[in-house]
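Trainee: turn this into a structure:
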Amino acid sequence: MDPDPLPFGPRRQISTLAALVVAAATPATLALSYYHLTGDPAFRPLALTVDRLADFGQVTDGVVIRAVIRFDATENSKAAALTFAQLVHGSFYAKGIEARVSILPVPGSGPPTVTFQVANGRYGPFPASTAATGIESALQAFHLAEGWYAERTAE
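Mentor: Here you go, the predicted structure:
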């Protein structure tokens, strides 16, 4: 007659290991699923960076200027949008400010336009011909928000 089976045999160890793996992986899997559904970088597991938060418009330290260039989804318009993006980025860089410039294809949108976002304010859309006005507005808003942020963090 066989003695009673041991409570921690090989099968018991494997099932315990499987339960631990599932328990450890479930929160990350749920967070990654939510990230893919919503695009919210705060729920991207193990990859939360300041750059990702800034791209999503959630900045925790300081003020960031975001410029979003929308263009028609044709090859000629894409080339014009890339050139426009370089010029917008260069304009801010010349003022000593690192702006985040992204391009977004929007079918049927016509010539490229740029919209600036500084803190909670949005300025635009501006076509290339009046983008300098938008850049100046964004710079003024940046300096105002930067001063406000400096006062709030000094308290």
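
Trainee: how about the strands in the protein?
Mentor: 65-71, 100-105, 113-118, 121-127 (DSSP state E).

Trainee: grab the CA positions of the first one and hand them over as CSV.
Mentor: The reference is to strand 65-71. Only the C-alpha atoms of strand 65-71 are listed here, as CSV (Å, rounded to 0.1, in the frame of the first residue of the first chain):
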residue,chain,number,x,y,z
ILE,A,65,5.5,73.6,-26.2
ARG,A,66,3.8,71.1,-28.4
ALA,A,67,3.3,71.8,-32.1
VAL,A,68,1.1,69.5,-34.1
ILE,A,69,1.2,69.8,-37.8
ARG,A,70,-1.7,68.4,-39.7
PHE,A,71,-1.4,67.7,-43.4
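
Trainee: can you list the strands that that strand pairs with?
Mentor: Within its sheet, strand 65-71 is paired with strand 100-105 (parallel), strand 113-118 (antiparallel), according to DSSP bridges.

Trainee: which residue ranges of the chain form helices?
Mentor: 10-38, 50-56, 75-94, 131-154 (DSSP state H).

Trainee: most tightly surrounded among the strands paired with strand 65-71?
Mentor: strand 113-118 (a mean of 22; mean count of other C-beta atoms under 10 Å). To be clear about C-beta, it is placed using only N, CA and C from the backbone, and glycine gets the same treatment.

Trainee: that one vs helix 131-154, what angle?
Mentor: Here strand 113-118 runs at an angle of 20 degrees relative to helix 131-154 (axes from the mean of the first three to the mean of the last three C-alpha atoms, to 10 degrees).
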